[in-house]
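Colleague: Okay, sequence plus prediction incoming.
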Amino acid sequence: EVQLVESGGALVQTGGSLRLSCAPSGFTFEHYGVGWFRQAPGKEREDVACISPIHGPTYYGDSMKGRFTISTDNAENMVYLQMNSLKPEDTATYYCAAVRGGDCDEEYDYWGQGTQVTVSP
């Protein structure tokens with residue numbers, strides 16, 4: 001079965017850090033773009049970052065630039081999202097998704113179930 005599994009979400013205080021992980025099952029990330037998204041209650045889903053074998057990393061949202069870093073570990077077949085200097089407004093469910101062919105602007109093929117990040121004031 002093909003699926004994505006996120007982990008690493010937690011409750012942290014303002015200013016803290018978390019590293020989210022995205023692991024594929026049933027396929028490898030080779031030739032895939034992998035993106036992170038987030039959705040807070042009552043809000044639309046928001047692009048966070050994407051990493052592509054074609055274009056490298058892309059970050060969305062001025063509020064996240066400089067604080068979030070997306071990276072890959074090809075040997076471990078994992079994608080990570082390092083989040084530093086967390087703020088209460090970063091509270092959301094974070095999802096990873098994979099797009100075949102590596103173009104982050106294309107429709108994503110697989111989605112994870114999400115991991116909850118809560119940042120307390």
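Modeller: Everything's here; your move.

Colleague: Secondary structure element for the closest residue to Asn77 other than its chain neighbours, which one?
Modeller: Leaving aside its chain neighbours, Asn77 sits nearest to Thr28 (5.3 Å; criterion: Cβ to Cβ, 6 or more residues apart in numbering). C-betas here are computed from N, CA, C, even on glycine. Thr28 belongs to no helix or strand when assigned by DSSP states H and E.

Colleague: Next: Pro41.
Modeller: Going by DSSP H and E, Pro41 is not in any helix or strand.

Colleague: partners of the spatially most central residue of the chain in the sheet?
Modeller: Nearest residue to the geometric centre of the chain (Cα atoms, centre = their mean): Trp36, 2.6 Å. Beta-bridge pairing for Trp36 (DSSP bridges): Ala49, Cys96.

Colleague: residues in contact with it?
Modeller: 20, 22, 48-50, 68, 70, 79, 81, 94-96 (Cβ atoms under 8 Å, 6 or more residues apart in numbering).

Colleague: The helix or strand of the chain with the lowest mean pLDDT pairs with which strands, and in what direction?
Modeller: Least confident helix or strand, the chain: strand 56-59 with a mean of 92, by mean pLDDT, DSSP states H and E. Here strand 56-59 has these sheet partners by DSSP bridges: strand 46-52 (antiparallel).

Colleague: export the partner strand as PDB, just CAs?
Modeller: Taking Å, rounded to 0.1, in the frame of the first residue of the first chain, the C-alpha atoms of strand 46-52 are listed here in PDB:
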ATOM      1  CA  GLU A  46      -1.500  26.700   3.300                       C
ATOM      2  CA  ASP A  47       1.600  25.800   1.400                       C
ATOM      3  CA  VAL A  48       4.700  25.700   3.600                       C
ATOM      4  CA  ALA A  49       7.600  24.300   1.500                       C
ATOM      5  CA  CYS A  50       8.500  21.900  -1.200                       C
ATOM      6  CA  ILE A  51      11.600  20.200  -2.200                       C
ATOM      7  CA  SER A  52      12.100  19.000  -5.700                       C
END
